[in-house]
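In: 3D, please:
(4 chains)
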There are 2 protein chains.
Amino acid sequence: MLDHAPDLDLVFQALADPTRRALVERMTTGPASASELARPFDMTLAAVLQHLKVLEDSGLVHTKKEGRVRMCRVEPDALRGAEAWIAERRTTWERRLDRLGSVLSEEER
Amino acid sequence: MLDHAPDLDLVFQALADPTRRALVERMTTGPASASELARPFDMTLAAVLQHLKVLEDSGLVHTKKEGRVRMCRVEPDALRGAEAWIAERRTTWERRLDRLGSVLSEEER
DNA sequence: GAAATACTCAAGCACCTGCTTTACTAAAGC
DNA sequence: GCTTTAGTAAAGCAGGTGCTTGAGTATTTC
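Out: Predicted coordinates for the structure are as follows:
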C-alpha cells in the first residue's frame, strides 16, 4: 500500500531549495521528463536528477520510467499536507489575537 | 525599515526541523520565554536558542529581550507567505487536472 | 552584595547537502 | 548495428547543520 502520511520534515526540506521549488513550479503546468526539466538550469543533469530524487522521496513528486525517459508530475496531496500544517498554526495564533483583542476592547469600555 | 519579504528558502528550511516546528506550535498558544520553550526538550538551552535564531532569521518568529528574559512569539505573515506559495502551485495543478478531466469527458460523449 | 537565573558567545565535531566528474547501461533513431 | 539520447551509480569535495561543552555577562532574588 502507498504511504499516504507525507513526512513534513522531508516536504519542507524539499521546498527549502530554490531549484526544487522551480522544478515543482514547472511541473504544475504539466508533466515533464527529467531532461526537459533540467534544460533551463545551469547545472548538470545528474544534479537535477538528485533534486528530483529529493522531491520524490518527500512525496511531492511522482516519477515513472517510460522507455528511456523518466516522466515527472506533481503529487498535490503532499502539498496539501504542508499547507494544512501551516494554515492550522497560523489560524490558531490569529484566533488567539482576535480573542485577546476583544478582551482588551471589553476592558476599554 | 523592516524586511517584509519573507525569504522562502529560510522559511521552509526553518520548518524542516521537527524541534523548530514544535517550538512554533507551542508559540501559537501564546508568547513564551526561551527557557520556557526549551524545558520540554531533551537538549541544552544553547541548542534551543540556536533553533530560535533560525526561526527569527526566517521571519517566522519575533523575539525581544525583556530584562534577562527573551520573549518569543509567532509572526503570522511569514507563515502566510509560505502557505500562499504552496496553495498557488497546488491549485494551478488541480485546475489543470479539472480542465483535462472535462476535455476527456467531452470526448467520451 | 552573593547566589541563582537566563541567556550569550565561540569553538569543536559528526553528519548532511548540493554540487561535480567519470564511468556505465539501456532505449531510440538512422 | 552504430550512434545518439536519457538516465543511473558512485566517488569526492566544499560548505552547511545540529548539536555539545565551557566560559562568559547581565538581571533578579534573597
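In: CA only for contacts and neighbour counts going forward, please
Out: Fine.
In: ok, the spatially most central residue of chain A to residue A:14 distance?
Out: In chain A, the residue lying closest to the centroid (CA atoms, centre = their mean) is residue A:79, at 4.6 Å. Distance, residue A:79 to residue A:14, using CA to CA, to the nearest Å: 11 Å.
In: surely the residue nearest to the centre of chain A is in contact with residue B:88?
Out: No - judged on CA atoms under 8 Å, residue A:79 makes no contact with residue B:88 at a distance of 10.2 Å.
In: is the lengthiest helix in chain A anywhere near chain B?
Out: Ranked by residue count, the top helix of chain A under DSSP state H comes out as helix A:76-108. Yes - using CA under 8 Å from any CA of the partner chain, helix A:76-108 reaches chain B at A:76, A:79-80, A:82-83, A:86-87, A:89-90, A:92-94, A:96.
In: helices or strands up against that helix?
Out: Applying 3 or more CA pairs under 8 Å, 6 or more residues apart in numbering or on different chains; DSSP states H and E, we find helix A:76-108 packed against helix A:8-15, helix B:76-108.
In: report the buried residues of that helix.
Out: Buried residues in helix A:76-108, counted by 16 or more other CA atoms under 10 Å in any protein chain shown: A:76-83, A:86-87, A:89-90, A:93-94.
In: same question for stretch A:63-75.
Out: Quick answer for stretch A:63-75 (16+ other CA under 10 Å): A:63, A:71, A:72, A:73, A:74, A:75.
In: go on, stretch A:26-35?
Out: A:26, A:27, A:28, A:31, A:32, A:33, A:34, A:35.
In: distance of the closest residue to the third one other than its chain neighbours relative to residue B:64?
Out: The shortest distance from residue A:28 to any residue other than its chain neighbours is 4.7 Å, reached at residue B:93 (CA to CA, 6 or more residues apart in numbering or on different chains). According to CA to CA, residue B:93 stands 41 Å off from residue B:64.
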